[in-house]
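>>> Structure of the sequence below:
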Amino acid sequence: MPTITPQEIIIMLEQHKKWLRNPKEGRQAVFKQVDLSGANLEGAKLQKSVFSGCNLSRAILRGANLIQADLFAVDFTKADLTNALLIRADLRGAELRGARLNGANLQEADFRGGSMILAGGKTVTFGSSNLSGSDMEDVIAEKANLTGANLSGAFLSNANLAYSQLNGADLSESEMDNAMLAGANMENCNLSNSNLKGADLTGSNLSGATIDGADLKGASLQGANLEGVNLSDDQAKSMPTEKTRESTPLPPSLKTILEKHFKWVASNGSAGERADLHEMDLSNMDLSDCALSGANMRGCNLTKTNMRGAQMVMTDLSNCTLVGVDMSYSVMEGVNLTRSNLTDANLKCAMITAVDLKGPDGKPMGKKWPANLAAARFTNANLSEADMTEANLMDADFTGANLEGAVMTNAIIEDAKFDQK
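From the prediction side, this is the model:
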């Protein structure tokens, strides 16, 4: 594997900075199958760079910006990626054994397997990424694709893996205490002898998972799919009992509207009927886990309504009264919350990101529609670990809000109000 001099690296980084500002002036950083082991790239601006097939073992990449970088089949063995930005990075086939990923952002990163053509035409196939024994405490990996990845013995305490793809992954003997795994697909994954104390597995898919010897003390499994999972008596006793929230019963007319809307969502608009609930009083009702994507709920009164885990992609919730509403773990990609009052609302781990638009045929159009939170009021709301990537937060009021762990990558925050530090 060829090497490259430090001078050449610095020149390429400078050219890449110019390229990011103006592609006509600089040149994209392309390091293909180069030996960069031990290189110090701390804090480097390397978004959209190419490192496919490179050796970056033991490299220093603390705080580096690797958003949408091509890191296909890169060797990151024992590399330091603390607080690095790896959002939507291509990490297929990457070797991350023993790497430090504390506080790194791996949202929507791809860790699946793949193939690469080497010099001379030889094709090499790589399996899913190897993250065994890696240090990933406090990592943010929402919606990451870790299908089949090896995470055995990984340190994932307090990690955020909400809505991620972990089907078939090996998480045996991993430390996942207090990890956020709400909505994650963990079908057929190996959790044997793992530490899941206090982990949040709300709405996750654990069908066929192996949990022999796993510590589930204090773990939340509300709404989780446990088909084919054999909980031992000790495991079942160690989990907290969920309290049923008292709510106003749904009137028959509303049930009928929602049933038609569920069919409309499931059929991509070819059956059923879109729900028109605008200006209705839906306060204190239980709409948890409801499929409300695309519904017209403009001007509704949703005070203290339970909408935990609801699907509200492209839903119109503008000009609504949402005081004290529970929208935790809900999916609100492309939602419209403009001018709504969410004082004291619970939006913990809510996905309020852009949505990939699809045509009438269900095929992607190659365009995204950001969530609109302009002029919304979040006074004293809980937005901890909520994802507001690319959202319009212009004139929004976050005074007194809990924003610990919240993500606002590329969000528009012009004239938004935050607590003074």
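
>>> mind listing what Glu14 touches?
For Glu14, the contact set (C-beta atoms under 8 Å, 6 or more residues apart in numbering) comprises Gly26. To be clear about C-beta, it is placed using only N, CA and C from the backbone, and glycine gets the same treatment.

>>> In the longest strand seen in the chain, which of the residues would be classed as buried?
Here the longest strand in the chain is taken by residue count, with DSSP state E as the criterion, and it is strand 364-369. For strand 364-369, the neighbour count (16 or more other C-beta atoms under 10 Å) marks Trp369 as buried.

>>> and Leu13, that's in a strand?
No. Counting by DSSP: H, G, I helix; E, B strand; the rest coil, Leu13 is located in no strand; its state is helix.

>>> thinking again about what came up before, off-centre distance for the longest strand of the chain?
The offset between the C-alpha centroid of strand 364-369 and the centroid of the whole chain comes to 18 Å, using C-alpha atoms, centre = their mean, to the nearest Å.

>>> Listing partners with orientation, what would you give for it?
Pairing partners of strand 364-369, with direction, according to DSSP bridges: strand 355-358 (antiparallel).

>>> CA atoms of the partner strand as PDB?
What follows is the C-alpha trace of strand 355-358 in PDB, where atoms were taken according to Å, rounded to 0.1, in the frame of the first residue of the first chain:
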ATOM      1  CA  VAL A 355     -38.000  13.500   4.900                       C
ATOM      2  CA  ASP A 356     -37.000  11.900   1.500                       C
ATOM      3  CA  LEU A 357     -39.800  12.900  -0.800                       C
ATOM      4  CA  LYS A 358     -41.400  10.100  -2.900                       C
END
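
>>> Mind jotting down where the helices sit in the stretch 101-250 of the chain?
Taking DSSP state H, counting those that start in this stretch, the helices of the stretch 101-250 of the chain run over residues 233-238.

>>> list the contacts for the spatially most central residue of the chain?
Taking C-alpha atoms, centre = their mean as the criterion, Glu142 is the residue nearest the geometric centre of the chain, at 1.8 Å. Counting by C-beta under 8 Å, 6+ apart, Glu142 touches 107-108, 160-164, 351, 387, 407.

>>> Next, format those residues as JSON lines and append neighbour count, distance to Phe262 and pLDDT.
Written out in JSON lines, the entries for the contacts of Glu142 read as follows (neighbours: other C-beta atoms under 10 Å; distance: C-beta to C-beta, whole Å; pLDDT from 0 to 100):
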{"residue": "Gln107", "neighbour count": "25", "distance to Phe262": "29", "pLDDT": "82"}
{"residue": "Glu108", "neighbour count": "20", "distance to Phe262": "27", "pLDDT": "83"}
{"residue": "Asn160", "neighbour count": "26", "distance to Phe262": "29", "pLDDT": "85"}
{"residue": "Leu161", "neighbour count": "30", "distance to Phe262": "28", "pLDDT": "87"}
{"residue": "Ala162", "neighbour count": "28", "distance to Phe262": "23", "pLDDT": "83"}
{"residue": "Tyr163", "neighbour count": "24", "distance to Phe262": "21", "pLDDT": "84"}
{"residue": "Ser164", "neighbour count": "29", "distance to Phe262": "26", "pLDDT": "88"}
{"residue": "Met351", "neighbour count": "27", "distance to Phe262": "20", "pLDDT": "92"}
{"residue": "Asp387", "neighbour count": "30", "distance to Phe262": "25", "pLDDT": "93"}
{"residue": "Val407", "neighbour count": "23", "distance to Phe262": "30", "pLDDT": "92"}
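
>>> can you redo these as CSV with distance to Thr343?
Converted to CSV, these look like this (distance: C-beta to C-beta, whole Å):
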residue, distance to Thr343
Gln107, 28
Glu108, 31
Asn160, 25
Leu161, 30
Ala162, 24
Tyr163, 26
Ser164, 31
Met351, 21
Asp387, 21
Val407, 22
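
>>> these two touch, right, Lys197 and Asn178?
Yes. The pair formed by Lys197 and Asn178 meets the contact definition of C-beta atoms under 8 Å, at 7.2 Å.

>>> For burial, what's the neighbour tally of Leu71?
Other residues near Leu71 number 26, with proximity taken as other C-beta atoms under 10 Å.

>>> scratch that, Leu81 is what I was asking about
Other residues within reach of Leu81, judged by other C-beta under 10 Å, total 28.

>>> OK, contacts around it?
Applying C-beta under 8 Å, 6+ apart to Leu81 gives the contacts 61-62, 64, 99-101, 104.

>>> Quick check: phi and psi at Arg377.
Its backbone dihedrals place Arg377 at phi -110, psi 120, with angles given as degrees, to the nearest 10.

>>> Could I get the pLDDT score of it?
If you check Arg377, the pLDDT there is 95.

>>> same check, this time on the one 4 residues further on
As predicted, Ala381 sits at a pLDDT of 96.

>>> tell me the phi and psi of it?
Dihedral pair for Ala381: phi -80, psi 160, per degrees, to the nearest 10.

>>> Also Ser253?
The phi/psi pair for Ser253 (degrees, to the nearest 10) reads phi -60, psi -40.

>>> Could you report the neighbour count for it?
Summarising burial for Ser253: neighbours were counted as other C-beta under 10 Å, giving 8.

>>> about what we covered before: and the residue nearest to the centre of the chain, how far is that from Thr343?
As defined by C-beta to C-beta, to the nearest Å, Glu142 lies at a distance of 25 Å from Thr343.
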